[in-house]
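Asks: Quick one: sequence plus predicted model below, questions after.
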Amino acid sequence: MLLLEETPGHNQGLAKLRGQLTSRILDLYKALLNYIVKSICAYNRYPAVQFLRNSVRLDNWTGSLDDVKKAENSVKAATSEYGVREANSYLGLLVNMRVSEAHDKIMQSLCVSDMTAEIESLQERKDHVLADSYKWILDNKDYQDFTGWHDGNMKRLLWIKGDPGKGKTMLLIGIVTELTAQLETHFDTPHLSYFFCQGTNDKLNTATAILRGLIWMLLRQQKSLIRHLDTFKDLGSTLFDARTAFYSLKTILQSMLEVGGLKRAYLVIDALDECKREEPGLRQLLELISELSRKNDNVKWLVSSRNEPKIQVVLEEHPVRARLSLEVNAKSVAGAVDAYINYKMSELARRYQKTSAARRNPEKLRRVQDDVAKELRQRADGTFLWVALVFEQIKECGADKVLERVRDMPSDLYGIYTRMMRHVIELDDAADCKRVLSTVVNAYRPLHLSELATLAELSDLAEHEDIVRHCGLLTINENDDVVYFVHQSAKDYLIQDPKDRLIRDAKDRLIQDQNFAVLSKIFPDGYTQGHYAIVSRSLESMDQGLRRDIYDLRHPGCSIDEVKPFKTPESDPLGPIRYACVYWVDHLCHLYEINCNLQELGLYDGGLINFFLKEHFLHWLEALSLMRSTSSAVAAVRKLEKLLTVSSLAIHIRPWLNCQAKLE
């Protein structure tokens, strides 16, 4: 009866066959019981009568016995078939489990970042996206033509372009929100894949990362598309990390979109201008978008960027493409900015209503609020970021001074940034703020507060959050304590080079001179000197923090999957030095590229780097493996070897670096 027991994982075919087997076993029992009953009855009858009955076959012994044999053979046949089918079912289950496990690993390796979480983080830093700030585009003809799939999908690309701070990212977040809601309520609708490029994060600002993100999101929606990666499975992790990864991923995406399996899709990319230019970079990505938008009518591309001629050259005018300029649609954008001003004014009004001034003279307070809103509308020039920065400057201002403060605000973004930096210079903690700005502007990704405190050498007794907020140009994500620039333009402001100044009228040159004068006080030796401080602090902090078996595993041979994650970055011994472990070699190489003396960097016999590698090389590799960054270790060792070709230190530390072959 073990055959009739249900086991997990059996398919419907086996369940049906098991039912048939049950029926045949019952038939066999019936035939056997019938034969036995007849035998007993025959034994108890008179012999003469029994002989007569046998002679005339009244009991049909042969037929009954044949019925038993027939039922027995039927059960044997069904049992055999069931055994084969069950074995095949288990084999199929094991194969599927193996394939599923392999696919999960591919998905994990392919993932750059969860863009759903990134959008939530962006909204957190942008006051959340209000429907009133983007709904105007839903009625825009260019957008409506783009979202329509009729007439052979004649509009396959929509490029939204505008100056910094015009709300492009807010607009695309709103569009993604609308498309997501539509696709969830319609049957057989297109897929939606999106990527929000961030120039301040080296993980999210490359053409390769963008393709990985788009492919990953498509695979999450339709797992069968993973077969398009089979051609490249022999490449392993290099499929996603090698310099040539862009071209492999390009082939995969083209195959997914063209060969079949994916009927329709929206592909959304925000902030193309923040994608790196180093090849393969922005140009190759634009050429791919241009090619696919011309010949593939199953895909719609929605992209955004600043008004850059280099992007416009590639995304030239074409019947299947449309451009939506925020400057051309100034009236619609101004209406959206007005809605944003109203939202921010309501927050300010709620604060003022709690004051004694509101109780003494509510009418006068209301007039002041109306005057402030009017002043903001007149000067905003359709720029969300300008409005946001002004509100940040007046949030602590009293009602008696707020209108004067608003009128005194510069009309351009860089002017407001310069005003903020002047304020930083005058602070008691100005030195801390300068180190923080120098660290963040040179970092290759956003830093956790604990990492920033380590690299900027902030005192343990200092209020790190307050120092970051005093910097003005930075913001802290409340969900994960990661520090970001308030906007890409804030970083652009800090890394201005006086040599690149444009020839403008006298007034513009005066403003630009004022900007550079302030920046020279923030970065007296130039902002790139921050790389030197990062290398130095990274080596010092790793020297203090790294040790053997830093997680106290006591079983160094255990799988990384068995290592339990820490509840918070603060409880992780590697938390404050994670960035240092992964990126210190990159900063070292950057310093060499800008012609810094290797002796000054400590790359000499008995120097800081020599000491670190002799004392902590294995500890460093262990830390990188615990952070699942072994590939970073391989890349870092290669970069160090390249640097050592120009240094006499090679003789002394090359033995430690020769373990590269073992790592690979």
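Replies: Looks like it arrived, so ask away.

Asks: and the gap between Phe240 and Gln353?
Replies: 54 Å (C-beta to C-beta, to the nearest Å). C-beta: built from backbone N, CA, C; applies to glycine.

Asks: The two: which is more packed in?
Replies: Neighbour count, other C-beta atoms under 10 Å: between Phe240 and Gln353, Phe240 has more, with 23 against 14.

Asks: Provide a list of residues in contact with that one.
Replies: Shown in contact with Phe240 (C-beta atoms under 8 Å, 6 or more residues apart in numbering): 109-110, 208, 212, 249.

Asks: switch the cut-off to 10 Å
Replies: Contact analysis of Phe240 by C-beta atoms under 10 Å, 6 or more residues apart in numbering lists 106, 109-112, 208-209, 211-212, 215-216, 232, 248-249, 631.

Asks: what's the pLDDT at Ser541?
Replies: With respect to pLDDT, Ser541 has a value of 97.

Asks: what's the answer for Glu316, then?
Replies: Glu316 is assigned a pLDDT of 82 by the prediction.

Asks: Please name whichever of the contacts of Phe240 scores lowest on pLDDT.
Replies: Taken together, those show their lowest pLDDT at Phe232, with 74.

Asks: ok, now how distant is that one from Asn296?
Replies: 21 Å.

Asks: For the residue most central in space within the chain, list the residues it contacts.
Replies: The structure's the chain has its C-alpha centroid closest to Ser113; by C-alpha atoms, centre = their mean the separation is 1.8 Å. Shown in contact with Ser113 (C-beta under 10 Å, 6+ apart): 121, 195-196, 198, 201, 203-204, 209, 212-213, 216.

Asks: Give the buried subset of those as a ChimeraX selection command.
Replies: Selection command for ChimeraX covering only the buried members of the contacts of Ser113, criterion 16 or more other C-beta atoms under 10 Å:
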select :121,195,196,198,201,204,209,212,213,216
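
Asks: Redo the contacts of Ser113 as CSV? Include distance to His555 and secondary structure.
Replies: Output for the contacts of Ser113, formatted as CSV (distance: C-beta to C-beta, whole Å; DSSP: H, G, I helix; E, B strand; the rest coil):
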residue, distance to His555, secondary structure
Ser121, 36, helix
Phe195, 40, strand
Phe196, 41, strand
Gln198, 39, coil
Asn201, 35, coil
Lys203, 31, coil
Leu204, 36, coil
Ala209, 35, helix
Arg212, 34, helix
Gly213, 36, helix
Trp216, 33, helix
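
Asks: Show me the two of the contacts of Ser113 that sit farthest apart.
Replies: The most widely separated members of those are Ser121 and Arg212, with 18.6 Å between them, by C-beta to C-beta.

Asks: mind listing the strands for this protein?
Replies: Applying DSSP state E to the chain gives strands spanning 157-161, 191-196, 265-270, 299-305, 321-325, 447-448, 474-476, 482-485.

Asks: Mind putting those strands into TSV with distance to Lys276?
Replies: Below are the strands of the chain laid out as TSV (distance: least, C-beta to C-beta, whole Å):
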stretch	distance to Lys276
strand 157-161	19
strand 191-196	14
strand 265-270	14
strand 299-305	14
strand 321-325	24
strand 447-448	19
strand 474-476	22
strand 482-485	17
